[in-house]
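>>> The following comprises the amino acid sequence and a computationally predicted model.
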Amino acid sequence: MTYMIWKDQYSVENALIDKQHQTLFELVNEVAEKVKAKNMIEIKDVIKRLAAYTVTHFRDEEALLKKAGYANLEDHQMIHAELLRKVQDLQQKLAMNQAVSLVSVIRFLSDWLKDHILKDDMAYKASIKKLG
Ligand SMILES: [Fe+2]
């Protein structure tokens, strides 16, 4: 079962960012699959890849916002830093074999991603339109 399904409402109408957001959706779906299979080694591996890809994505998104002269770039960068810290904390907890509720991990990651796109990223949609 696919856990996170991409819908038009998630689109910021920029091909690169939408593609990267879709990749993040796929990675969260992969986490959900590995949780279902109860495969801890693979769960850790996917979350590690998710954390690494988040770094790449935030860097690219921030570069685009800078290019667009987005007024709230600094706030957005702070939100990104906090989101990244949360996913890195999770990665570290798993790496140290700390007890983590896996059901809450999936819920956390899907909320983490959806809420950020729908609230914070939608706020810059109009500003990046001129970049095409
Ligand atoms: Fe963002």
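In hand now; what should we look at?

>>> Count residues in the vicinity of Lys34, would you?
Other residues lying near Lys34 total 20 when counted by other C-beta atoms under 10 Å. C-beta coordinates here come from the backbone N, C-alpha and C atoms, glycine included.

>>> next one: the helix or strand harbouring it to chain centre, how far?
Element membership of Lys34 [criterion: DSSP states H and E] is helix 15-36. Relative to the chain's own centre, helix 15-36 is displaced by 8 Å; criterion: C-alpha atoms, centre = their mean, to the nearest Å.

>>> From the contact counts, what lies against that helix?
On a contact count with 3 or more C-beta pairs under 8 Å, 6 or more residues apart in numbering; DSSP states H and E, helix 15-36 meets helix 40-67, helix 102-115.

>>> tell me the contacts of the residue nearest the centre of the chain?
For the chain, the residue nearest the mean C-alpha position is Leu113 (4.5 Å; C-alpha atoms, centre = their mean). The contact partners of Leu113, taken as C-beta atoms under 8 Å, 6 or more residues apart in numbering, are Met4, His21, Leu24, Phe25, Val28.

>>> Tell me the one of the residues you listed nearest Val103?
Val103 has its nearest neighbour among those in Val28, at 13.7 Å by C-beta to C-beta.

>>> Mind checking what helix or strand follows the helix or strand of the chain with the lowest mean pLDDT in sequence?
Least confident element among the helices and strands of the chain, by mean pLDDT, DSSP states H and E: helix 102-115 (a mean of 92). Per DSSP H and E, helix 102-115 leads on to helix 125-128 as the next helix or strand towards the C-terminus.
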